[in-house]
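>>> Next input, structure requested:
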Amino acid sequence: MRHLNVFMTRSITMSTLLALIGGCSAGSKREGAYVDHLPLPADTMLTKMIEPGVYGGRFVIGATAGPKTFNSLMGNETSTTDVTQRLFSALTDIDYVTQDDIGVLAKSWETSTDGLTTTFHLRRGAAFSDGHPITSADMMFSFDVVMDPELHPSMQDGLTIDGVPATYSAPDSFTFVVHTTKADALILAHTGSVNIMPKHKLEAAYKAGQFASAYGTDTPPESLVTSGAFRVKSYVPDQQVVLARNPYWLGVDAKGQRLPYLDELVFLVAKDQNVAALKFHAGELDGLDNVKPEDYKAFTDNQQKEGFTLHDVGPSFNTNFFWFNLNRVKEAKDGRRIGEPYVSAAQYSWFSDKRFRQAMSMAVDREGIIRGPFYGFAFKNWSTMTSGNKKWFDPELTGLDYNPSEAKRLLASMGMKDTNGDGFLEDAKGRPVQFTMITNGDNKLRTDMINLVKDDLAKVGIKMIPSPLDFNTMITKVRSDFSYEAALLGLGSAVPSDPGMGQNVWKSSGLTHYWNIKQAKPETPEEARVDQLMAQNILTQDIGVRKQTWREVMQIVNDQCWLVWLPSQQMKLPVRSRFGNIQPSPMPHRILWNADRIFRKPSK
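Alright, predicted model coming up:
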């Protein structure tokens, strides 16, 4: 998830520039039929679909940010993973329709009776996009990267139980074995979260300590060797990413035709949701999976006229929330001392007090947010397992909802009061209680939400200053340099959407444990308990035990208000009617999860 230099220079002619822009018009040209001249691998992957398709054409999807990297193991933000999940594949995946595990690079597997050892048998003939064979050596390399304690990709947390990392071996070129010290109920999902990257291209960078920066967006496209159905054809920063088929891909349809069908899959970057909607209505996009509820009526009314279907996929699996920065310096540099908070001493004293976080949750009028920017197409949500998730949604799970009088009481109990009559509180030392909250400015829903949150907090005497940023800049702040005070963002669903797949969020050592990332050991008793519960959650197949441990995790999270939950959206997605095998899902990527099967229907 072809050489066009990533930096546009003055040497690019106007005709070339116009060709780049013009080339983005959705389905503007149907290419000549692709002819597959390469022999199929010995072990092909027969791929389920609604109907066999035909070769040719392009599909253009809207995006409001470009990728931060093409490095599948290091990228964790949706602007990156939306692309890299099309570029790289893993041992297994799940069927989005049936939710069954399916083999991809592994044709079969078995797990020992004690549940500790899983042996994968790899497909013979599988190859990277440069034709180089994919073998167990590439599995060993990719897992070495994932389990590297310095790199600590997010997948590492799922492959670590009670602090003990999984071990793995390659008895031969087509066998890969994973061993855990305790039985993991989600072993296939956890191993399947590791996309396989080419050892022959990246081993040198890894040994030199440069893997994290490898496969950056400045890498020439022809050097980006991939293991998935697509490869990078061209990339223009902040404009578009063009993917082309991997000619060596192992997937086939029922007729034995190699997938994918599309000649090109294009991610066209729009400045924000408004621009993306305009581009869709102008015919520049074939699909859009990030639509504001206020635009649903316009999309509904124009389906027949503009030749598309607005698919209602139900409650989103994605969430929205805000949190406060409790990260402290873990490595002395830039004049900072180990243990020093990244926010001011005053702010850290407020943010680290549970009463303050609880007051912030009770200050938020969620019904008002649903009526406002969501136009009624949303629902209150108190967990990463939203009401769209029929298996894991817990209707009895709630959090601290709107109660401004109780919010004021909690703040007063911390010694906060309005000493100068300006309507905003000062703390017990006379310091103004205020902070800045960042969010991604390309998402109008979030910028609308942050402004309503600002108004709600002001009603209980808290001054919050919204600060919309470029999405990728924001991700750097919340995951790397921690130069922020509070943030409003959210989480996309894991695949599969199961609590055990969220260990990188809930475990104190996790890379996405937003409020205090990558703790060496739990810094609060509550986080220690969550760590224990998450370990218990994946160590049993008993669904009753798993649901009970998950409920306790979320009760702790909601009592502590580490995340202040905001409403989640009812999702409707427009896709052009000229494409076949379109099966939108509430799980990401909602439209492109089966991009290898999407095809443009022949003109009648």
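>>> can you give me the helices for the stretch 1-150 of the chain?
In the stretch 1-150 of the chain, the helices defined using DSSP state H, counting those that start in this stretch lie at 14-22, 78-87, 136-146.
>>> looking at these, which is closest to M449?
With CB to CB as the measure, helix 78-87 is the member of the helices of the stretch 1-150 of the chain nearest M449 (17.4 Å). The C-beta positions use only the backbone N, C-alpha and C, and glycine is treated the same way.
>>> list the helices and strands the closest one packs on?
Helices and strands touching helix 78-87, by 3 or more CB pairs under 8 Å, 6 or more residues apart in numbering; DSSP states H and E, are strand 230-236, strand 240-245, strand 264-269, helix 471-476.
>>> Which residue is the nearest non-sequential neighbour of F424?
Leaving aside its chain neighbours, F424 sits nearest to K463 (4.7 Å; criterion: CB to CB, 6 or more residues apart in numbering).
>>> if you count residues, which helix in the protein comes out on top?
helix 543-560 (DSSP state H).
>>> which parts of it are buried?
546-547, 549-558, 560 (16 or more other CB atoms under 10 Å).
>>> So which of the residues you listed is the closest to A346?
Distances from A346 to these, taken by CB to CB, are shortest for Q560, at 20.7 Å.
>>> got a pLDDT number for the residue nearest to F424?
We have a pLDDT of 98 for K463.
>>> and the gap between it and L250?
57 Å (CB to CB, to the nearest Å).
>>> Would you map the helices across the stretch 251-400 of the chain?
273-281, 296-301, 303-306, 345-351, 354-363, 366-371.
>>> Now tabulate those helices in TSV and tack on distance to L452.
Output for the helices of the stretch 251-400 of the chain, formatted as TSV (distance: least, CB to CB, whole Å):
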stretch	distance to L452
helix 273-281	17
helix 296-301	19
helix 303-306	31
helix 345-351	21
helix 354-363	11
helix 366-371	5
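>>> Name the stretch among these that sits most buried.
Highest mean neighbour count of the helices of the stretch 251-400 of the chain: helix 354-363, a mean of 23 (counted as mean count of other CB atoms under 10 Å).
>>> Which elements pack onto the longest helix of the chain?
helix 354-363, helix 525-538.
>>> of all the helices and strands packed on helix 78-87, which lies closest to I591?
Closest among those, using CB to CB: strand 264-269, at 10.9 Å.
>>> Which strands and helices lie in contact with that closest one?
Using 3+ CB pairs under 8 Å, 6+ apart, strand 264-269 sits against strand 58-63, helix 78-87, strand 240-245.
>>> coming back round to it: between K463 and L250, which is the more surrounded one?
More neighbours surround L250 than the other of K463 and L250, with 26 against 16 (other CB atoms under 10 Å).
>>> Check the spacing between the more buried one and I438 real quick.
42 Å.
>>> ok so, going back, how about the helices of the stretch 251-400 of the chain, which one is nearest N443?
Among the helices of the stretch 251-400 of the chain, helix 273-281 sits nearest to N443 (CB to CB), with 6.3 Å.
>>> roughly how far is the closest one from the heart of the chain?
Taking CA atoms, centre = their mean, to the nearest Å, one finds helix 273-281 lying 22 Å from the centre of the chain it belongs to.
>>> now the angle between strand 58-63 and it, please.
On the basis of axes from the mean of the first three to the mean of the last three CA atoms, to 10 degrees, helix 273-281 is oriented at 160 degrees to strand 58-63.
>>> of the helices of the stretch 1-150 of the chain, which approaches V60 most closely?
helix 14-22 (12.2 Å).
>>> what residue lies at the spatial centre of this structure?
T78 (4.0 Å; CA atoms, centre = their mean).
>>> residue contacts, that residue?
Contacts for T78 (CB atoms under 8 Å, 6 or more residues apart in numbering) come out as 492, 588.
>>> Would you mind measuring from it to I517?
T78 is 18 Å from I517, by CB to CB.
>>> sorry, back to before: okay if I get the buried residues of helix 543-560 as TSV plus pLDDT and distance to K390?
Below are the buried residues of helix 543-560 laid out as TSV (pLDDT from 0 to 100; distance: CB to CB, whole Å):
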residue	pLDDT	distance to K390
R546	96	15
K547	96	13
T549	97	19
W550	97	15
R551	97	16
E552	98	21
V553	98	20
M554	98	17
Q555	98	21
I556	98	24
V557	98	22
N558	98	21
Q560	98	27
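>>> I'd like those as JSON lines, with distance to V241 appended.
Below are the buried residues of helix 543-560 laid out as JSON lines (distance: CB to CB, whole Å):
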{"residue": "R546", "distance to V241": "38"}
{"residue": "K547", "distance to V241": "40"}
{"residue": "T549", "distance to V241": "40"}
{"residue": "W550", "distance to V241": "36"}
{"residue": "R551", "distance to V241": "40"}
{"residue": "E552", "distance to V241": "42"}
{"residue": "V553", "distance to V241": "36"}
{"residue": "M554", "distance to V241": "36"}
{"residue": "Q555", "distance to V241": "41"}
{"residue": "I556", "distance to V241": "40"}
{"residue": "V557", "distance to V241": "35"}
{"residue": "N558", "distance to V241": "38"}
{"residue": "Q560", "distance to V241": "39"}
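>>> Among the residues you listed, which one lies nearest to V433?
Closest to V433, out of all of these and judged by CB to CB, is Q560, at 19.8 Å.
>>> Roughly how far does the closest one sit from V177?
From Q560 to V177 the distance is 39 Å (CB to CB).
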